[in-house]
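Chemist: This is a predicted model, with the sequence first.
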Amino acid sequence: MDPESGLDAVRSVGINGRKIVAISTRPLRGKVEVDSTGLVVAPGFIDLHSHGQTPENYRYKAMDGVTTALELEVGVSPVGEWYAAREGKALINFGASAGHIPARMAVLKDTGDFLPRDAAMNRLATPEEQKAIAASVQKGLDEGALGLGFGLAYTPAATHEEILDLFYLAAKWKRPVFVHVRYGGVVTSGIFESLQEVIGSPAWSRDLCARVGQYVREEKVLSLMDAIRKSSLMPAQRLESMSPQMRQKGRQSGCADSILVVLPEEIPNNRGSVRTLQGFGTWRG
Ligand SMILES: [Zn+2]
């Protein structure tokens with residue numbers, strides 16, 4: 001199934017190295033042959049909201065059909081070191097935004113780990129500290145970050161000005177921002193103010209195979225092609241302006257270097273029954 005061309009038919013797919021080089025109505029011969037009779041072959045899924053970025057998490061993601069896991073919301077810092085630690089070693093594609101949270105934690109010397117525990121959560125940044133945070137985020141963009149990440153709910157002491165300056169930076173670089181807004185539910189006071197601060201865009205993510213199974217098979221609100229499109233082609237399209245490699249992802253046609261996943265036709269709503277065919281790599285802006 002190819003969400004870009006709409007092709008939904010029985011085909012043989014020829015892969016050479018990391019590229020799809022043939023899609024044929026006739027059988028193809030190869031060094032390694034995978035019999036996918038009765039199964040669905042789709043572009044690998046792209047998870048835009050993936051905080052787990054360890055080898056164990058990557059293995060878990062691969063079993064969910066996810067071949068690209070991106071840490072865009074909280075983001076990372078320093079970005080260069082983060083990429084270097086994974087380059088050539090990661091099981092699946094990875095990428096990250098430059099994170100306001102980790103930059104603020106480093107500058108304000110917060111003692112927390114992934115999220116702020118004290119200073120970055122509770123304290124206003126001085127003008128010098130704000131400059132240092134912005135410099136660190138800008139360095140992240142220099143080093144290939146895919147955008148800017150914010151978790152404003154976790155940094156309540158960050159002022160609108162501190163955040164707005166970074167939004168201007170993102171605009172200057174023509175990079176998107178990925179934001180966890182300040183307040184949670186629709187009944188929480190302050191929700192309008194928090195939306196005023198940012199315009200959020202909800203992403204389809206987390207347990208992708210489970211969501212596909214739920215929406216396609218159980219609730220019947222999406223066709224399988226639409227579900228695959230939302231899990232592969234659409235995230236790639238959203239990101240392709242900042243990372244040209246994305247133009248080759250989420251697709252099967254032409255010279256796409258999409259990694260393929262093979263799904264049972266009756267899409268499961270649990271993990272572990274998905275086979276991921278090949279490859280790893282790095283995505284960066
Ligand atoms: Zn999150």
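Modeler: Cool, got the structure.

Chemist: Quick check: buried residues in stretch 47-59?
Modeler: Residues of stretch 47-59 classed as buried by neighbour count (16 or more other CB atoms under 10 Å): Asp47, Leu48, His49, Ser50, Gln53, Asn57, Tyr58. Glycine gets a C-beta too; all of them are placed from N, C-alpha and C.

Chemist: separation between the last one and Gly75?
Modeler: For Tyr58, the distance to Gly75 (CB to CB, to the nearest Å) stands at 18 Å.

Chemist: Could you do the third one as well?
Modeler: With distances defined as CB to CB, the gap from His49 to Gly75 amounts to 12 Å.

Chemist: where do the contact lists of those two overlap?
Modeler: Overlap of the contact sets of His49 and Gly75 (by CB atoms under 8 Å, 6 or more residues apart in numbering) is empty.

Chemist: Can you read off the pLDDT for Glu266?
Modeler: pLDDT, Glu266: 52.

Chemist: again, but for Tyr215
Modeler: Confidence for Tyr215, expressed as pLDDT, is 81.

Chemist: now swap in the one 3 residues further on and tell me
Modeler: Per-residue confidence (pLDDT) for Glu218: 81.

Chemist: Which secondary structure state does Gly14 sit in?
Modeler: strand (DSSP: H, G, I helix; E, B strand; the rest coil).

Chemist: so what secondary structure elements neighbour the helix or strand encompassing Gln237?
Modeler: Using DSSP states H and E, Gln237 maps to helix 234-239. On a contact count with 3 or more CB pairs under 8 Å, 6 or more residues apart in numbering; DSSP states H and E, helix 234-239 meets strand 45-47.

Chemist: now the strand it packs on: mean pLDDT?
Modeler: With pLDDT averaged residue by residue, strand 45-47 scores 89.

Chemist: can you check stretch 149-161 too?
Modeler: 92.

Chemist: So what touches it?
Modeler: With CB under 8 Å, 6+ apart as the test, stretch 149-161 has contacts from 71-76, 96-101, 104, 115-116, 120-125, 130, 163, 166, 177-184, 194, 197-198.

Chemist: swap the cut-off to 6 Å and go again
Modeler: 72-75, 97, 99-101, 104, 115-116, 120, 122-124, 178-182 (CB atoms under 6 Å, 6 or more residues apart in numbering).

Chemist: what distance separates the start and the end of it?
Modeler: 16 Å (CA to CA, to the nearest Å).

Chemist: starting at the chain centroid, how far to that stretch?
Modeler: Distance, stretch centre to chain centre, for stretch 149-161: 21 Å (CA atoms, centre = their mean, to the nearest Å).

Chemist: can you pull the buried residues of that stretch?
Modeler: Along stretch 149-161, these residues count as buried under the neighbour rule (16+ other CB under 10 Å): Gly149, Phe150, Gly151, Leu152, Tyr154, Thr155, Ala158.

Chemist: Show me the residue at the heart of this protein, geometrically.
Modeler: Leu48 (2.3 Å; CA atoms, centre = their mean).

Chemist: you'd agree Leu224 is up against Val216?
Modeler: Yes: counting by CB atoms under 6 Å, Val216 is a contact partner of Leu224 at 5.1 Å.

Chemist: Overlap in contacts, those two.
Modeler: The overlap between the contact sets of Leu224 and Val216 (CB under 6 Å, 6+ apart) is empty.
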